[in-house]
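Novice: no sequence on hand, only this structure:
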């Protein structure tokens with residue numbers, strides 16, 4: 001796509017999705033250049049987090065950063081559960097339905113649920129989390 005066509009398409013998207021951050025705008029411009037379809041662009045606009053890789057980092061739960069706190073990211077239950085990899089800032093995970101939980105080591109605990117999906121953008125596979 002030409003730069004003018006990219007700018008016009010991006011302007012059309014941003015007219016509908018007004019709360020898109022500067023970083024997300026750059027990712028959208030790259031997705032338009034790679035030939036993403038309208039459904040993919042809408043999904044990128046509406047996602048809470050995006051990654052240009054096959055995995056994404058979900059944020060850690062707020063209680064796990066306290067003195068006795070612990071946290072986890074889990075997909076599934078029981079023996080078949082898959083665990084996210086702890087990295088700086090949260091947990092690196094792939095597609096699926098994830099629960100990111102944590103506790104303060106005493107009585108407070110919390111969980112956040114995420115739906116992580118792969119998205120084909122041109123010839124690349126990006127990951128979005130909602």
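Specialist: It's in. On a predicted model such as this, the values are computed, not experimentally measured, just so you know.

Novice: for this protein, give me the ranges with low pLDDT.
Specialist: Applying pLDDT under 70 to the chain flags residues 1-2.

Novice: what about the helices in it?
Specialist: Ranges of helices in the chain, per DSSP state H, are 3-16, 22-34, 38-46.

Novice: ok, residue 57 - how many residues close by?
Specialist: 20 (other Cβ atoms under 10 Å). To be clear about C-beta, it is placed using only N, CA and C from the backbone, and glycine gets the same treatment.

Novice: next: the one 4 residues further on.
Specialist: Counted by other Cβ under 10 Å, the residues lying close to residue 61 total 24.

Novice: returning to that earlier point: distance to residue 130 added to the helices of the chain, as a markdown table?
Specialist: Shown next, in a markdown table, are those (distance: least, Cβ to Cβ, whole Å):
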| stretch | distance to residue 130 |
| --- | --- |
| helix 3-16 | 17 |
| helix 22-34 | 14 |
| helix 38-46 | 7 |
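
Novice: any idea which of these gets closest to residue 105?
Specialist: Of all the helices of the chain, it is helix 22-34 that lies closest to residue 105, at 34.2 Å by Cβ to Cβ.

Novice: what's the closest one packed up against?
Specialist: helix 3-16, helix 38-46 (3 or more Cβ pairs under 8 Å, 6 or more residues apart in numbering; DSSP states H and E).
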